[in-house]
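A.B. asks: Here is my input; please provide its structure:
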Amino acid sequence: MKKYLFTIAIIGFFSTLNAQEAADKKVQAGLVLGSGVNFQKMQTKNMDANGLGWDWTVGMNTVFNFSETIGLNTGIEFDFNSLKYAPSVESGGVYYLYKDLDILEYRDGIQDASAQLFQLKERFQKSVYLTIPTMLTFRTGFFGYWRYFGRFGLRNSFLLTSKVDDEGFVNGDETAGLRLNEGFTSKNDLFFFKSAVGISAGAEWNFSGSTSLIAELGYYYGITPLHTQKNTDAGKEKNSLYTIDDTFTPVMFNNKSTQNQIMLKVSILF
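C.D. replies: A predicted model of the protein is given here:
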C-alpha cells in the first residue's frame with residue numbers, strides 16, 4: 001500500500017512541476033492544423049449556396065501569456081478554402097464570357113471576337129488566404145496535466161490566390177452536354193480582405209515540460225463581404241456574371257455573400 005501511495009505522490013509531484021512550467025511561460029509558439037466546414041449567407045437573388053464548403057488550415061500560432069489565466073493567441077495561418085455556388089431558379093440563367101482560362105469582364109468580352117459564351121450550372125471556387133488570428137484566451141488553472149480555455153476575437157484574412165471550376169454549357173447549348181471549365185481565373189471576383197468574429201473552446205494537455213497539445217472547436221461569423229462589388233452600369237460593366245431579361249438584354253449583377261465557418265484545430269506549443 002505504501003508503494004502505491006509513494007508512486008501516486010511522485011506522479012503528482014512531477015505533474016505539478018510540468019503544469020507549473022507550462023503555466024509560467026510568457027510565450028508559447030508552435031504549429032497548428034485545422035479543418036472544418038463553411039456555409040455562405042447569400043445576398044443576391046441570382047445565386048444560391050450549393051451545399052457546404054471545406055476549410056483546411058496550416059500555420060504557426062503564438063500565445064502571449066499575460067497571466068496564468070489570460071493570454072492572446074495570434075500567428076500566421078494559410079487557409080485553403082472552397083465555396084460552392086449555383087444559379088438560383090429566379091435568375092433564369094447565369095452567363096459569362098471567357099477566353100482561354102480567363103473569365104472576362106463583360107465590357108471586355110463583348111469587344112473580343114474570340115470570346116466564348118458560357119451558361120453556368122455550378123461553381124466550385126478554390127482560394128488560399130493568409131490569416132492572422134487575434135483571439136483573447138481565458139483559461140482555467142491546471143488540473144493535473146489538463147486545463148481548459150475559451151477564446152474570443154477576430155480572424156483577419158488576406159487573399160493570395162483564387163481559381164474556379166465551373167460546370168455548364170458552352171454557348172448556352174444544353175444539347176451539347178455539360179462542359180467543365182477547370183482552373184479558371186475570374187479577375188477581382190473575391191475581395192482581397194475578409195474578417196470574421198469568432199468564439200472557440202478547447203483543452204490543453206501539458207504532456208512534457210512546457211510542451212502542450214491543444215484542441216479547440218470554434219465558430220466564426222463573417223462580418224465582411226466575400227466578393228468585390230463591381231460597376232454594373234451600362235458601358236462600364238466590370239462584372240463578368242449576368243442574366244438575361246425578357247427583352248434578351250444582358251443584366252449585370254454582383255455575386256454577394258458572407259461566410260460562416262465551423263473549425264476544429266489542433267496545435268502543439270512549446
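
A.B. asks: which residues in the protein form strands?
C.D. replies: Under the criterion DSSP state E, the chain contains strands at 27-42, 47-49, 53-65, 70-87, 94-99, 102-104, 116-139, 146-170, 179-186, 193-208, 211-222, 242-244, 250-252, 257-269.

A.B. asks: got JSON lines for those strands, with distance to Lys230 and mean pLDDT too?
C.D. replies: C-beta here means a position set from N, CA and C on the backbone, and glycine is covered the same way. Converted to JSON lines, these look like this (distance: least, Cβ to Cβ, whole Å; pLDDT from 0 to 100):
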{"stretch": "strand 27-42", "distance to Lys230": "17", "mean pLDDT": "97"}
{"stretch": "strand 47-49", "distance to Lys230": "14", "mean pLDDT": "97"}
{"stretch": "strand 53-65", "distance to Lys230": "22", "mean pLDDT": "97"}
{"stretch": "strand 70-87", "distance to Lys230": "16", "mean pLDDT": "97"}
{"stretch": "strand 94-99", "distance to Lys230": "13", "mean pLDDT": "97"}
{"stretch": "strand 102-104", "distance to Lys230": "12", "mean pLDDT": "97"}
{"stretch": "strand 116-139", "distance to Lys230": "16", "mean pLDDT": "97"}
{"stretch": "strand 146-170", "distance to Lys230": "15", "mean pLDDT": "98"}
{"stretch": "strand 179-186", "distance to Lys230": "11", "mean pLDDT": "96"}
{"stretch": "strand 193-208", "distance to Lys230": "16", "mean pLDDT": "97"}
{"stretch": "strand 211-222", "distance to Lys230": "20", "mean pLDDT": "97"}
{"stretch": "strand 242-244", "distance to Lys230": "11", "mean pLDDT": "95"}
{"stretch": "strand 250-252", "distance to Lys230": "8", "mean pLDDT": "94"}
{"stretch": "strand 257-269", "distance to Lys230": "15", "mean pLDDT": "97"}
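
A.B. asks: Mind putting those into TSV with mean neighbour count?
C.D. replies: Converted to TSV, the strands of the chain look like this (neighbours: other Cβ atoms under 10 Å):
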stretch	mean neighbour count
strand 27-42	17
strand 47-49	20
strand 53-65	18
strand 70-87	19
strand 94-99	20
strand 102-104	19
strand 116-139	18
strand 146-170	17
strand 179-186	16
strand 193-208	17
strand 211-222	19
strand 242-244	19
strand 250-252	16
strand 257-269	19
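
A.B. asks: and the ones you listed as JSON lines, adding distance to Asp233?
C.D. replies: Compiled in JSON lines, the strands of the chain are given as follows (distance: least, Cβ to Cβ, whole Å):
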{"stretch": "strand 27-42", "distance to Asp233": "23"}
{"stretch": "strand 47-49", "distance to Asp233": "20"}
{"stretch": "strand 53-65", "distance to Asp233": "31"}
{"stretch": "strand 70-87", "distance to Asp233": "23"}
{"stretch": "strand 94-99", "distance to Asp233": "18"}
{"stretch": "strand 102-104", "distance to Asp233": "17"}
{"stretch": "strand 116-139", "distance to Asp233": "22"}
{"stretch": "strand 146-170", "distance to Asp233": "25"}
{"stretch": "strand 179-186", "distance to Asp233": "20"}
{"stretch": "strand 193-208", "distance to Asp233": "25"}
{"stretch": "strand 211-222", "distance to Asp233": "28"}
{"stretch": "strand 242-244", "distance to Asp233": "13"}
{"stretch": "strand 250-252", "distance to Asp233": "8"}
{"stretch": "strand 257-269", "distance to Asp233": "22"}
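
A.B. asks: so which of these gets nearest Ile110?
C.D. replies: Proximity to Ile110 (Cβ to Cβ) singles out strand 94-99 among the strands of the chain, at 7.1 Å.

A.B. asks: quick one, which of the strands of the chain is nearest to Ala234?
C.D. replies: Ala234 lies closest, by Cβ to Cβ, to one member of these: strand 250-252, at 8.7 Å.

A.B. asks: show me the contacts for the closest residue to Gly168 other than its chain neighbours.
C.D. replies: Nearest residue to Gly168, sequence neighbours excluded (Cβ to Cβ, 6 or more residues apart in numbering): Lys121, at 4.2 Å. Neighbour list for Lys121: Ala86, Pro87, Asp166, Glu167, Gly168, Phe169, Leu178 [criterion: Cβ atoms under 8 Å, 6 or more residues apart in numbering].
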